[in-house]
Structure formats: C-alpha cells, structure tokens
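*Asks:* mind looking at a prediction? Sequence and model below.
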Amino acid sequence: MADDLPRPEPKEIDEKLSVQLRHLAEDAVLRGDPHGEEKCGNCLYYINPDDKISYCWHSKLRILVGTNWWCQWWEKISEE
C-alpha cells in the first residue's frame, strides 16, 4: 500500500517556511538546559507547566519546548 503513494517533494510553501524557520533559529537563543532558575517550565509563555513538553506561545517561538529548556525571552510568571 505504501508503494502507491507518490514520493514527497517539497512545495514552494515548504521552502518559504524553511527559510522563515532558519531565520527564527538564527535569531533565537534556545537551549536544552535551564539558565539558573530560569527554564521554560516556569516561564509565562509555557502553556502547561505540569507537562514535560508543552507549547511556548511567545510570538518569536511558538513551538513545542521541554520544561528544562531556556531561551532569551524567558519571563517570570506574575504573582498577581
């Protein structure tokens, strides 16, 4: 059955998204380790702090990240 599927070929949108992601990666400082006490799991932009992997909704990232990761846009959760 898999033999019936056409070989995947990148489309124009794939190339455009690849360039955008490359620029984002060059602009971002995203690390797989925490920076002191700062980590994605205790950042304002980490959607589900109880999950080991969750969505970061910061406008410059918007990707799945691990709870122990860190980036330069880390922001403390307001205590209000």
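*Replies:* Right, received. Where do you want to start?
*Asks:* need the residue closest to the centroid of the chain.
*Replies:* Ile63 (2.8 Å; C-alpha atoms, centre = their mean).
*Asks:* touching, it and Ser54? I think so.
*Replies:* No: if you go by C-beta atoms under 8 Å, Ile63 and Ser54 don't touch, sitting 10.3 Å apart. (C-beta placed from N, C-alpha, C; glycine too.)
*Asks:* tell me who's in contact with the residue nearest to the centre of the chain.
*Replies:* Applying C-beta atoms under 8 Å, 6 or more residues apart in numbering to Ile63 gives the contacts Tyr55, Cys56.
*Asks:* distance of it from Ile53?
*Replies:* From Ile63 across to Ile53, the span is 10 Å (C-beta to C-beta, to the nearest Å).
*Asks:* how about Lys16, phi and psi?
*Replies:* Dihedral pair for Lys16: phi -60, psi -50, per degrees, to the nearest 10.
*Asks:* Asn42: neighbouring residues, count only.
*Replies:* 14 (other C-beta atoms under 10 Å).
*Asks:* quick one: the helices in this protein, in order.
*Replies:* 12-27 (DSSP state H).
*Asks:* just for this protein, where's the confidence low?
*Replies:* Within the chain, the ranges that satisfy pLDDT under 70 run 1-2.
*Asks:* so which residues of it form strands?
*Replies:* Applying DSSP state E to the chain gives strands spanning 30-31, 53-55, 64-66, 70-71.
*Asks:* could you give the separation of the third one from the chain centroid?
*Replies:* What it means is strand 64-66. Counting by C-alpha atoms, centre = their mean, to the nearest Å, strand 64-66 is centred 6 Å from the centre of its parent chain.
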